[in-house]
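Enquirer: what follows is a predicted protein model with its sequence.
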Amino acid sequence: MAWALSRSHWRRKSRRSKPDICIVLPLSLILVVVFLFAISPSTDLLGYFLPPTKTLDRLQSATFPCGSETAAGERFLLYAPHSGFTNQLWELKNAIVFAAILNRTLIVPPVLDHHAVILGSCPKFRVNGSSDLLSAVWDHIMDLIRDHRYISMADIVDLSSLGHMRFRMIDFRIFVSMWCGRNLSGTCFGSSCCAMSSNVESSSISSNYCKSLSFGLYENVKSCVHVVQEDCRTTVWTYQQGNDGTLDSFQPDEQMQKRKKLSYVRKRKDLYKSFGPSSDAEMVKILAFRSLFTAPYKGSELYIDIHEAPGDSRIQSLIRDLEFLPFSPEIIAAGKEFVRNKIKGPFLCAQLRLLDGNFKNHWKTTFSELKKKLQSEHEGEKNNNLIHIFIMTDLPRNNWAGTYLESLANDTKFFKVHTLHENDELLVQSFKRFRVLKNITSAHNDKL
């Protein structure tokens with residue numbers, strides 16, 4: 001969930017602790033940027049997926065089998081990530097819980113570009129439909145392959161920390177390889193992805209076939225894919241709360257109903273009862289959700305209210321472990337290296353959202369709180385030591401002119417401002433080490 005500008009993130013480094021921990025989260029988010037520019041898949045693979053428009057009508061009237069024999073016996077859960085990286089991370093966590101509850105294999109997506117796919121607004125009851133959102137995700141993933149910028153969410157966060165016994169997952173590229181019979185070994189360099197995708201024999205299927213069969217975009221594949229139509233306008237998903245089918249506390253008010261001519265009624269629905277044993281979707285190969293983003297809103301949740309599962313120790317343990325999902329060791333190591341070699345001492349961290357959505361309307365409040373915090377730190381600095389501050393913001397540094405950030409950066413007598421850019425040498429070298437490590441791991445596994 002995005003934080004309001006009036007609640008910018010602050011963490012003060014202890015002068016007694018090692019100065020390489022606080023920076024990990026902010027640096028991790030920035031390190032994602034450089035990884036998105038450096039993956040090197042084969043552009044020839046796009047011919048297998050990008051849709052030839054002349055075949056659209058024929059595909060809509062054809063009848064397809066449910067995937068290849070390679071995927072026999074598996075049931076998958078797919079979803080449509082969107083918006084910024086933080087939202088995508090929250091969606092991944094929710095998807096892991098959903099997959100575990102429903103005993104399905106989670107299809108792990110790549111990191112999408114910031115706002116390349118947009119949901120809309122749940123509070124305003126204005127969101128994109130299932131087909132539009134799922135189609136946009138597929139098209140953007142193909143863009144990532146074309147632009148050599150595909151990287152899995154599993155390369156950014158350490159999913160191995162959750163343990164493989166509680167839920168199953170599969171890389172999106174491996175899934176497409178098995179499901180559609182395409183060899184995607186040129187799009188990935190991780191050990192499991194390369195090993196599995198290279199073992200799949202290539203077929204002559206078209207792009208529209210694969211897109212439709214994976215995302216359920218045409219009527220003729222509904223026996224293979226169940227696209228969940230319930231969204232945040234009508235549904236709040238729960239688990240073991242004993243309130244299946246009851247009205248949610250948040251409903252569109254009378255004024256909104258009249259102004260926008262809405263007729264939505266929000267109900268709380270038990271996820272397991274809706275899609276588990278004895279449900280219509282139980283045996284469907286792919287259960288496809290659109291957004292899995294949620295946030296507290298007016299005493300309820302926008303879409304998902306599963307914070308605990310006291311009657312299911314496996315899910316309860318998983319929810320607890322998901323509260324802190326660590327970034328990959330390579331990203332954490334890069335953050336620590338930056339602290340040791342660049343900052344070299346205690347420091348403050350500030351995460352400032354200034355351009356995204358409604359946050360751009362609250363610069364005055366944001367800078368006021370930042371200034372107040374720094375003044376307090378300065379007054380408490382008895383030895384007049386330089387105060388180091390790492391700033392993570394979506395406002396480019398060359399646009400700081402005339403803002404408090406420019407004044408802060410120029411106040412070199414009392415403060416030292418640190419930032420990172422996507423072409424920073426630390427990021428470039430970190431990615432090279434990341435890639436070498438993945439290739440070494442892949443080669444090692446191939447020998448086993």
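Expert: Received it, and whenever you're ready, just let me know what you need. Numbering: from 1, shown residues only.

Enquirer: low pLDDT regions in the stretch 201-350 of the chain?
Expert: Scanning the stretch 201-350 of the chain for pLDDT under 70 picks out the ranges 201-209, 217-222.

Enquirer: helix or strand for residue 256, which one?
Expert: For residue 256, the host element (DSSP states H and E) is helix 254-260.

Enquirer: list the contacts of residue 364.
Expert: By Cβ atoms under 8 Å, 6 or more residues apart in numbering, residue 364 lies in contact with nothing. C-betas here are computed from N, CA, C, even on glycine.

Enquirer: quick one: buried residues of the helix or strand where it lies?
Expert: Assigned by DSSP H and E, residue 364 belongs to helix 363-379. In terms of neighbour count (16 or more other Cβ atoms under 10 Å), helix 363-379 has its buried residues at 363, 366-367, 369-370, 373-374, 377.

Enquirer: what does stretch 345-353 give?
Expert: In stretch 345-353, counting by 16+ other Cβ under 10 Å, buried: 346-353.

Enquirer: closest one of the residues you listed to residue 117?
Expert: When those are ranked by distance to residue 117 (Cβ to Cβ), residue 353 comes first, at 19.1 Å.

Enquirer: so what's the closest one closest to, chain neighbours aside?
Expert: Nearest non-adjacent residue to residue 353, counting by Cβ to Cβ, 6 or more residues apart in numbering: residue 359, 4.3 Å away.

Enquirer: and the one you found, which of the three is it?
Expert: When classified by DSSP: H, G, I helix; E, B strand; the rest coil, residue 359 comes out as helix.

Enquirer: number of nearby residues for it?
Expert: 19 (other Cβ atoms under 10 Å).

Enquirer: gap between it and residue 146?
Expert: 31 Å (Cβ to Cβ, to the nearest Å).

Enquirer: repeat for residue 108
Expert: Counting by Cβ to Cβ - residue 108 and residue 146 are separated by 20 Å.

Enquirer: that's a helix at residue 307, yeah?
Expert: No - counting by three-state DSSP, residue 307 is located in no helix; its state is coil.

Enquirer: quick check on the closest residue to it other than its chain neighbours: phi, psi?
Expert: Spatial nearest neighbour of residue 307, excluding adjacent residues (Cβ to Cβ, 6+ apart): residue 319 at 6.9 Å. Main-chain dihedrals, residue 319, degrees, to the nearest 10: phi -60, psi -40.

Enquirer: ok, now which ones touch residue 319?
Expert: Residues in contact with residue 319 (Cβ under 8 Å, 6+ apart) are 97, 306-309.

Enquirer: just the buried members of these?
Expert: 97, 306, 309.

Enquirer: and the gap between the second one and residue 118?
Expert: Plainly put, residue 306 is 24 Å away from residue 118 if you go by Cβ to Cβ.
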